[in-house]
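*Asks:* Could you look at this predicted model? Sequence included:
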Amino acid sequence: MSHIVNSHYDITFLTKVTNEEIVKVVALIDNADNIIDKYFGVRTSFNIVICRGGWEMEIQFISRRLESPLKLYNDTKSVAITDYRLKEIIIGFDLAKFGHYLHELLHGIINIEYTQQLREGLAWYFTMKLTESYRYVRPSYPSWVDNLYLYPVNKLAQIVGNNFLKDFAIGRASIQEDALPSDIQCLFQTEELFYSKKRYYH
């Protein structure tokens, strides 16, 4: 196991890695973090854990599910997960594109007080926003992500404006949700109520 301490975050490699692989991973994280910092003016404070392959990711996934049955984390098709409780981002580096790093680091800056679905929607919205010119680096995602997360957040952005939404995402602005259309208000409901209504989720 290797451990790297950067001025902005800690990176722990749970798997054997070459120096070349370490350099590549650190460069991807630095680039994603710099893009977020330039756009939002903040960086993630979450620690980063690097795994290799589906099996190591599955172990991380299962152990976190067992410790916390509530959905306290985001996950992107088992390539990467963010654990809000432990403030850790876990990435399967041999499977992850640049977009996965960007998506998970966005989760590390979005206001942790927000509901799961609101954090997820904002992370997907800004992943799309920050990769508009580089669509090939985007993480792949199932079609329900559009319906569940991207559609209502895009609609919210049209109402409040992108700059306001950017400040809202990191907790610098607040929204009176009961003044919003009902499909957007769903993002602010309890996770249990939101996901029970969206039965096609997962």
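*Replies:* Alright, I've got the coordinates.
*Asks:* can you give me the strands for this protein?
*Replies:* 2-5, 10-13, 47-51, 73-76, 80-83, 88-92 (DSSP state E).
*Asks:* Just give me the lowest mean pLDDT stretch among those strands.
*Replies:* Averaged per stretch, pLDDT over the strands of the chain is lowest on strand 73-76, reaching a mean of 57.
*Asks:* quick one: contacts for residue 139?
*Replies:* Residues counted as contacts of residue 139 (CB atoms under 8 Å, 6 or more residues apart in numbering) are 76-77, 79-80, 96-97, 99-100, 103, 127. Just so you know, the C-beta spots here come from the backbone N, C-alpha and C atoms, and that holds for glycine as well.
*Asks:* What's the ChimeraX line that selects buried ones from these?
*Replies:* The buried subset of those, as determined by 16 or more other CB atoms under 10 Å, is captured in ChimeraX by this line:
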select :76,79,80,96,97,99,100,103,127
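*Asks:* In helices, which of the contacts of residue 139 fall?
*Replies:* Judged by DSSP state H, the subset of the contacts of residue 139 located in helices is 99-100, 103, 127.
*Asks:* pLDDT on the longest helix along the chain, on average?
*Replies:* Identified as the longest helix of the chain according to DSSP H is helix 19-40. Per-residue pLDDT over helix 19-40 has a mean of 94.
*Asks:* any idea how far it is from the chain center?
*Replies:* Offset of helix 19-40 from its chain centre (CA atoms, centre = their mean, to the nearest Å): 15 Å.
*Asks:* Next, the angle strand 47-51 makes with that helix.
*Replies:* Counting by axes from the mean of the first three to the mean of the last three CA atoms, to 10 degrees, helix 19-40 lies at 140 degrees to strand 47-51.
*Asks:* which other residues reach helix 19-40?
*Replies:* 2, 4, 6, 8-9, 11, 13, 17, 42-44, 48, 50, 91, 93, 96, 98, 101-102, 105-106, 109, 126, 130, 166, 169-170.
*Asks:* Same question for it: list its buried residues.
*Replies:* 21-22, 25, 28-29, 32-33, 35-36, 40.
*Asks:* Produce a PyMOL select command limited to the buried residues of the contacts of helix 19-40.
*Replies:* In PyMOL, a selection of the buried entries from the contacts of helix 19-40 looks like this (16+ other CB under 10 Å):
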select buried, resi 9+11+13+17+43+44+48+50+91+93+96+98+101+102+105+106+109+126+130+166+169+170
